[in-house]
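Enquirer: Coordinates for the following, if possible.
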Amino acid sequence: MFFSGMKSFRALARWLSWFCLACFLSCFMSVFSAGANDSDPIAKSFLVYIGTYTSARSKGIYVSHFDPPTGKFTSPELAAEAKNPSFLTLHPNQHILYSVGEVDEFDGKKGGVVSAFSIDSTTGKLTLLNQQSSGGAGPCHLAVDREGKCVLVANYGGGSIAALPIDSLGNLAEPSAFVQHSGSSVNQQRQAGPHAHFITMDPANQFVLTCDLGLDKVMIYRLNCPAYSLSPNAPPSVSIKPGSGPRHLAFHPNGRFAYVINEMASTLTAFAFDAKHGSLEEKQTISTLPETFTGESTCAEIQVHPSGKFVYGSNRGHNSIAIFNADAKTGKLTLIEHQSTQGKTPRHFIIDPTGQWLLAENQDSSTVVTFRIDPKTGRLTPAGQVIEVGSPVCLQFVPAG
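Expert: Here you go, the predicted structure:
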């Protein structure tokens, strides 16, 4: 009986030892797992590339390190010399950066240039891969299709668009497609001819949409693979109120709505987007300016918050960001407030990948100013972070290595 009791006690002791060890390991793994979550990509630092108009204060594309938890920047450094790299975009693999170059001629021919750069994700330095003609004068905007197979470019001065295939290394080929817009609109000073100002793919990567300020239209094309040719959609465009001057477009995260910011009229137009047919139906147009403002102002950039709750648009002249609530069912907008950008001429702004910060580039005061975004109201609060760089006009986030 005594020895039997001792065996039972020893068995119980062994079981309790294993149980305690299992509890310890479970707690340890929980702590380890929590630590691993701290290194989630959303929380790590980013490189921020800054496109500029070059001058005595700017030599090309600059780079800064950005810390999402604090909203702080490092002092910008030159990443690559380039002439007037006024708009930047990123390959889906996040290793290649593309820029337009607003130059008078390239390779002995009149027209602008598109450049491809490889990214050193540790230092932020850019290495030029190659360059190709943009196919027209004054390239001002570009985008990469969602599969990373071609670059689309809008030529403001020439009123044209082009598609440039991308090889497996990120190099650009000569344009595989070129479309010359034609026509005019009511303002003979600014709309005597076409001015393609923006280009992008729809969320399903089927349709190409381009804002033409000179025509008061959003033109719509089909991207035909693998030739990467462009053909007019049916319908081929949607018209906006004459004299509006559509500049940029942003899709809602749900893909059912699209918003166009109209440079000349200082308005935003909300559209319903038919993803099957690639068509836009206007639902609302709303001013980006306060009712009491009587000065000169033009619109520039538009962004939709990653949550889909808020839409932001910039006013150059009023020098502000107009903030709107977006109705989840209808896509219609309601004004929340206007926030000063604390500088002159906010040509562009961007929302960081975490959705916590809005960074506004004031072209004529050569500053980038950081604002904290209230996730409940969409309102902006100056974060006290300001960096200086000559004539900043575009920002692009890239995860740091």
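
Enquirer: could you give the mean pLDDT of stretch 133-141?
Expert: Averaging pLDDT along stretch 133-141 gives 97.

Enquirer: chain center to it, what's the gap?
Expert: From the chain centre to the centre of stretch 133-141 is a distance of 19 Å (C-alpha atoms, centre = their mean, to the nearest Å).

Enquirer: Specify the local secondary structure of the residue nearest to the spatial centre of the chain.
Expert: The centroid of the chain falls nearest to Ile350 when counting by C-alpha atoms, centre = their mean (6.2 Å). Classification of Ile350 using DSSP: H, G, I helix; E, B strand; the rest coil returns strand.

Enquirer: Skipping adjacent residues, who's closest to it in space?
Expert: Leu395 (4.5 Å; C-beta to C-beta, 6 or more residues apart in numbering). To be clear about C-beta, it is placed using only N, CA and C from the backbone, and glycine gets the same treatment.

Enquirer: isn't there a helix covering that neighbour?
Expert: No - the assignment for Leu395 is strand, going by three-state DSSP, so no helix is present there.

Enquirer: Quick check: it touching Leu358?
Expert: No - counting by C-beta atoms under 8 Å, Leu395 does not reach Leu358; the two are 10.4 Å apart.

Enquirer: still on that earlier bit, and the residue nearest to the centre of the chain, bridged to which residues?
Expert: Leu359 (DSSP bridges).

Enquirer: can you pull the contacts of Asp202?
Expert: Val208, Leu209, Phe251, Gly255, Phe273, Ala275, Gly278 (C-beta atoms under 8 Å, 6 or more residues apart in numbering).

Enquirer: out of the residues you listed, which are inside strands?
Expert: Here DSSP state E is the test, and the contacts of Asp202 give Val208, Leu209, Phe251, Phe273 as lying in strands.

Enquirer: Just confirm the second one contacts Val218, I think it does.
Expert: Yes - taking contact to mean C-beta under 8 Å, the distance of 5.8 Å between Leu209 and Val218 places them in contact.

Enquirer: For the two, list the residues in contact with both.
Expert: Leu249.

Enquirer: Can you give me the separation between the residue nearest to Ile350 and Asp216?
Expert: 28 Å (C-beta to C-beta, to the nearest Å).

Enquirer: of these two, who's got more company?
Expert: Asp216 (25 against 21; other C-beta atoms under 10 Å).

Enquirer: So that one sits against Ser237, correct?
Expert: No - with contact defined as C-beta under 8 Å, Asp216 does not count as touching Ser237 (9.8 Å).

Enquirer: Can you give me the domain assignment for the protein?
Expert: The chain breaks down into these domains under automatic domain parsing: 1-39, 45-399.

Enquirer: Enumerate the positions of the strand ranked longest in the chain that are buried.
Expert: Longest strand in the chain, counting residues (DSSP E): strand 229-239. Neighbour-count burial for strand 229-239, with 16 or more other C-beta atoms under 10 Å as criterion, is recorded at Leu230, Asn233, Ser237, Val238.

Enquirer: Stretch 50-68 too?
Expert: 50-54, 58, 60-66, 68.

Enquirer: CA atoms only for that stretch, dumped as PDB, please.
Expert: The C-alpha trace of stretch 50-68 is given here as PDB (Å, rounded to 0.1, in the frame of the first residue of the first chain):
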ATOM      1  CA  ILE A  50      10.100  63.400 -53.200                       C
ATOM      2  CA  GLY A  51       9.700  64.500 -56.800                       C
ATOM      3  CA  THR A  52      10.600  68.100 -57.600                       C
ATOM      4  CA  TYR A  53      10.800  70.800 -60.100                       C
ATOM      5  CA  THR A  54      14.600  71.300 -60.400                       C
ATOM      6  CA  SER A  55      16.300  74.600 -59.700                       C
ATOM      7  CA  ALA A  56      19.100  76.000 -57.600                       C
ATOM      8  CA  ARG A  57      17.400  74.400 -54.600                       C
ATOM      9  CA  SER A  58      16.700  71.000 -56.100                       C
ATOM     10  CA  LYS A  59      18.700  68.600 -58.200                       C
ATOM     11  CA  GLY A  60      16.200  65.800 -58.800                       C
ATOM     12  CA  ILE A  61      14.600  63.100 -56.700                       C
ATOM     13  CA  TYR A  62      15.100  63.200 -52.900                       C
ATOM     14  CA  VAL A  63      14.600  60.600 -50.200                       C
ATOM     15  CA  SER A  64      13.700  60.800 -46.500                       C
ATOM     16  CA  HIS A  65      13.100  58.100 -43.900                       C
ATOM     17  CA  PHE A  66       9.600  58.200 -42.300                       C
ATOM     18  CA  ASP A  67       8.600  56.700 -39.000                       C
ATOM     19  CA  PRO A  68       4.900  55.900 -38.900                       C
END
